[in-house]
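1. Sequence first, predicted coordinates after that:
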Amino acid sequence: MSELRTLTPHTAIPREQAGRDGRQRRLLRGFLPELVNLERVLAEAPEGVRTQVVERVSLKEINLPVYRVDVGSDSPDVPVVMLVGGVHGLERIGAQVVITWLRNLLCRLAWDAHLKTLLEKVHITLLPILNPGGMYLNQRSNPNGVDLMRNSPVTAQGQSTFLLGGQRWSPRLPWYTGDPKLGMEPENRALEAVIQDLLPGRPFSLSLDCHSGFGWQDQIWFPYAYRRRPMRRIASVMALKLIWEQAYPDHNYVFEPQSRHYLTHGDLWDHFYKQVNRAGSGSFIPLTLEMGSWRWIKKRPRQLLRLKGLFNPLAPHRHQRVLRSHLALMDFLMAAAASHESWLPAADQESMLREAAIMHWYRENG
């Protein structure tokens, strides 16, 4: 399953190779415990859980896999939910939330008959750590210095925020988009291959990309990030928001387009949204969860003295609360995808919901 093999006492291996494997495991435990935890979860997964390595990131001292995990129906006609974490190496909590939900899901498969029935109607794909190299190096970008969320061939229509919106000057500066002549980075190409393998032609699909580090409150963003005009299928997003708020009226998320905050070049989900929805008649809604890290810092200001403290809850009780607080959202997305025919707007509802969405999110843009 992985390059990081588990060796039994009876396995005969050269002493030099055993030394390399042992050193690699020690490095992972110290610098990338999320990958160790993920592999432990996968090693204990029940039958029917499919795992593969879609990319390998080679650093000087270690070789890191990018895992894809598939659960649920293999029928090409069922909807898909995709969960992604670890796009930014500093935002470790995103990967941890995805791994926590995966562990919860796999444990429930042993006894939850309702969940087993639900998984016959939906396909779940997870890439819990898309950027293991950046996470190992404790940096936002991948090992090439490229910000994976600024790396697609999409250009902002309007003035993007200086640096934050993506820059092409140097990988030594943050938010580097990469060299457009080289195309997307290997991690993003691997994600694109998974999306092209799974989503085109499906009746409905959802994705949730888990991040942290923006604002006082948890936010759910949707395209576009490159322009302030609404996406074509904005009525479906409004319908999803409405059923979420009906089911969880006491939630604490702000649901809005990313462009309300700033415009960016190269947004990954703008690119994939256009790719998938151009390819067929199905509907694909990509969402980004931005966990508000500013309140973690407010409650524990000394976190500012540690780089990972800018983007992750460090107090144990707060960390545990964050890990469990998003499980309901992910369960909701799985159920909503499986029952998409019950809430996606019909033709006679489309214009009304679109107008409501424009009034709610875009009226300030005139």
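-> Received the coordinates, thanks.
2. Do me a favour and average the pLDDT over the helix or strand residue 107 falls within.
-> Per DSSP states H and E: residue 107 is located in helix 92-108. For helix 92-108, mean pLDDT rounds to 97.
3. contact partners of that helix?
-> 34, 37-38, 41, 44-46, 49, 69, 71, 83-88, 115, 124, 126, 128-129, 135, 209-212, 289, 291, 308, 311-313, 319, 322-324, 326-327, 330 (Cβ atoms under 8 Å, 6 or more residues apart in numbering). (Glycine included, C-beta is placed from N, CA and C.)
4. If you count neighbours, what's buried in the next helix or strand after it?
-> Heading C-terminal from helix 92-108, the first helix or strand you meet, by DSSP H and E, is helix 113-119. Neighbour counts over helix 113-119 (16 or more other Cβ atoms under 10 Å) mark 118, 119 as buried.
5. And stretch 270-284, by the same measure?
-> Using 16+ other Cβ under 10 Å as the burial criterion, the residues of stretch 270-284 that qualify are 270, 271, 272, 273, 274, 275, 276, 277, 282, 283, 284.
6. residues near the closest residue to the fifth one other than its chain neighbours, how many?
-> Leaving aside its sequence neighbours, residue 274 sits nearest to residue 154 (Cβ to Cβ, 6 or more residues apart in numbering; 7.8 Å). The local packing of residue 154 (other Cβ atoms under 10 Å) involves 25 other residues.
7. Does residue 154 lie in a helix or a strand, and which?
-> Using DSSP H and E, residue 154 falls within no helix or strand.
8. Spit out the contact partners of it.
-> Residue 154 sits in contact with 226, 265, 266, 267, 270, 271, 274, where contact means Cβ under 8 Å, 6+ apart.
9. nearest to residue 180, of those?
-> Residue 180 lies nearest to residue 266 out of these, by Cβ to Cβ, at 8.7 Å.
10. The closest one reaches residue 160, doesn't it?
-> No. Between residue 266 and residue 160 there is no contact under Cβ atoms under 8 Å: 9.8 Å.
11. okay, these two: which has more neighbours?
-> residue 266 (30 against 21).
12. got a pLDDT number for that one?
-> On pLDDT, residue 266 comes in at 96.
13. Please tell me how far it sits from residue 56.
-> 24 Å (Cβ to Cβ, to the nearest Å).
14. Can you say which of the contacts of helix 92-108 are buried?
-> For the contacts of helix 92-108, buried by 16+ other Cβ under 10 Å: 34, 37-38, 41, 45, 49, 69, 71, 83-88, 124, 126, 128-129, 135, 209-212, 289, 291, 311-313, 322-323, 326, 330.
15. Just the residues you listed: which are in helices?
-> Within those, residues falling in helices by DSSP state H are 34, 37, 38, 41, 135, 322, 323, 330.
16. what about residue 187, distance to residue 145?
-> Here the criterion is Cβ to Cβ. By it, residue 187 lies 13 Å from residue 145.
17. Looking at the two, which one has more neighbours?
-> The neighbour comparison of residue 187 against residue 145 (other Cβ under 10 Å) goes to residue 187, with 27 against 17.
18. Helices along the protein, start to end?
-> Counting by DSSP H, the helices of the chain are 15-31, 33-43, 92-108, 113-119, 132-137, 186-198, 234-247, 268-279, 294-299, 316-325, 327-338, 347-361.
19. on that earlier part again, let me know the closest of the buried residues of stretch 270-284 to residue 110.
-> Proximity of the buried residues of stretch 270-284 to residue 110 (Cβ to Cβ) peaks at residue 284, which lies at 31.7 Å.
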